[in-house]
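Quick one, structure for this:
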Amino acid sequence: MKSLHEQKLLLAMLVGIVAGGFSGYFWGSAMQSVAWLGELFLTTLKMLIVPLIAASVITGVAGLGDVRRLGRMGGYAVAYYACTTLFAVSIGLLMANLWQPGVGVSLAADAHAPKPAVGDIGFSDLILSLVHPNIIAAAADMKLLPIIVFCIAFAAALSTLGERGRPVIAFFESLNDGMMKLVEWIMWFAPIGVFALIASKLGAAGGGEAFVAQLAGLGKYALAVISGLLTHAALLCLFLAVLARRQVGDYLKHMATALMTAFSTASSSATLPLTLEGVKMAGVDEKARRFVLPLGATVNMDGTALYEAVAVLFIAQAYGIDLSFGQQMLVLITATMAAIGAAGIPEAGLVTMVIVLEAVGLPLEGIGLLLAIDWFLDRCRTTVNVFGDSVGAAVVGRLIGAKGGA
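You can find the predicted model right below:
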């Protein structure tokens, strides 16, 4: 049941979103003066990520009691993430073929757009990214995948020590409770942070009129991405109702604060503390949420994968390049893998898109045109990413419960 505090916070965030949009539209570049408030809010949330992931994953895995149970829960989580990401990319390809957003758009003006500096990433690179020689350095660089792998292995080891491992587990349980209390305090600042983020972003785009002009030039592209994201969100709601046996409307109420924060910050990692709190209020199994959500914030990027599929076909169409069915299947596979490596930070999808473009031999310069409205679409796809994580936690929680444990 939503508390009075949650209702007040939700209302305050709605006011912040509306006020930010109003201010950015009418006062334009002048609102960049409040950008530091949004940066402060985003940085404060990011500050919690590493200790929160460590505490949440270790307590979640150690709480299983028997590490052999981790195999079943991990299997469910990986299967869910793989299936939903493949569905997302497929939907993106379908929408791009239906809308044909790049037809009639010329990219000649962007011939000298800078190329993002990203090397080729193969299967072996993906496996190697799961470990790091210095876990402290990984934390400093916000490389979350090796941190999660280390925490899973460490918690599994602790669970085999019996009473000798209990004091360390108790420490991380207390750390987890303390981090969640910090989240509650920081969220009092959320409405101001959300206001500043939206107002300053609109101001940087030149105000509402400039943003509308940019959006009109890429209207079909934006519609293809957004319609794809809405279709995938509807599919996630179906999973929520059928696989997790949840009331969709009630679940969305509990997730509203996290979803609005995801839209305003464009960061699934920064939203993780609120996602954990939301699924907790929805009554999702504790073991599932502590294990599935931190993992999902790093590897489950449904919205990003869908966006990359649409963007790659948009660039191909704009250059007059007709991608064959086989090439589109290559996009399907590559976008799925690239989404796994996408960091849960704003604009990360632009960087990983280079991998997909190079896989099918498309010019990287085409990315330049997308920058005009990517900051807005980034917020839309991040919201879907976070919702996908929360649905995954509910589905896995239901499955391990139905099987009589993880």
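
Against which helices or strands is whichever strand or helix holds residue 374 packed?
Per DSSP states H and E, residue 374 falls inside helix 367-402. With contacts taken as 3 or more Cβ pairs under 8 Å, 6 or more residues apart in numbering; DSSP states H and E, helix 367-402 sits against helix 68-99, helix 207-217, helix 219-242, helix 248-265, helix 268-281, helix 286-299, helix 302-318, helix 348-359. Where you see a C-beta, it was placed from the backbone N, CA and C, and this is true even at glycine.

buried sites along it?
367-370, 372-400 (16 or more other Cβ atoms under 10 Å).

what do you get for stretch 168-186?
168, 169, 172, 175, 176, 179, 180, 183, 186.

again with stretch 222-239
222, 224-229, 231-233, 235-237, 239.

Save those residues as TSV, and put in distance to residue 146 and pLDDT too.
Shown next, in TSV, are these (distance: Cβ to Cβ, whole Å; pLDDT from 0 to 100):
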residue	distance to residue 146	pLDDT
222	35	91
224	35	95
225	31	95
226	34	95
227	36	97
228	31	97
229	30	97
231	34	97
232	29	98
233	31	97
235	31	97
236	28	97
237	33	97
239	29	96
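
and of those residues, the nearest to residue 155?
Distance ranking of those against residue 155, using Cβ to Cβ, places residue 239 first at 27.5 Å.

for that closest one, what are its contacts?
Shown in contact with residue 239 (Cβ atoms under 8 Å, 6 or more residues apart in numbering): 84, 391, 395.

one more time with 7 Å, if that's ok
391, 395 (Cβ atoms under 7 Å, 6 or more residues apart in numbering).

ok so, going back, ok, which of the helices and strands packed on helix 367-402 comes nearest residue 38?
helix 248-265 (8.2 Å).

of the buried residues of stretch 222-239, closest to residue 35?
residue 222 (23.8 Å).

so that closest one makes contact with residue 374?
No - using Cβ atoms under 7 Å, residue 222 makes no contact with residue 374, being 10.0 Å away.

Return the most buried member of the helices and strands packed on helix 367-402.
When the helices and strands packed on helix 367-402 are scored by mean count of other Cβ atoms under 10 Å, the highest mean neighbour count falls to helix 302-318 (a mean of 29).

Packing partners of that one?
Under the contact criterion of 3 or more Cβ pairs under 7 Å, 6 or more residues apart in numbering; DSSP states H and E, helix 302-318 touches helix 68-99, helix 219-242, helix 325-340, helix 348-359, helix 367-402.

Figure out which of those helices is closest to residue 141.
Of the helices and strands packed on helix 302-318, nearest to residue 141 by Cβ to Cβ is helix 348-359, at 14.0 Å.

Next up, the contacts around residue 21.
By Cβ under 7 Å, 6+ apart, the neighbours of residue 21 are 198, 202.

ugh, wrong one, residue 258
271, 274, 275, 278, 386.

Disregarding residues adjacent in the polypeptide, which is nearest to it?
residue 274 (4.0 Å; Cβ to Cβ, 6 or more residues apart in numbering).

Surely the one you found and residue 260 touch.
No - the criterion here is Cβ under 7 Å, and residue 274 misses it with residue 260 at 9.0 Å.
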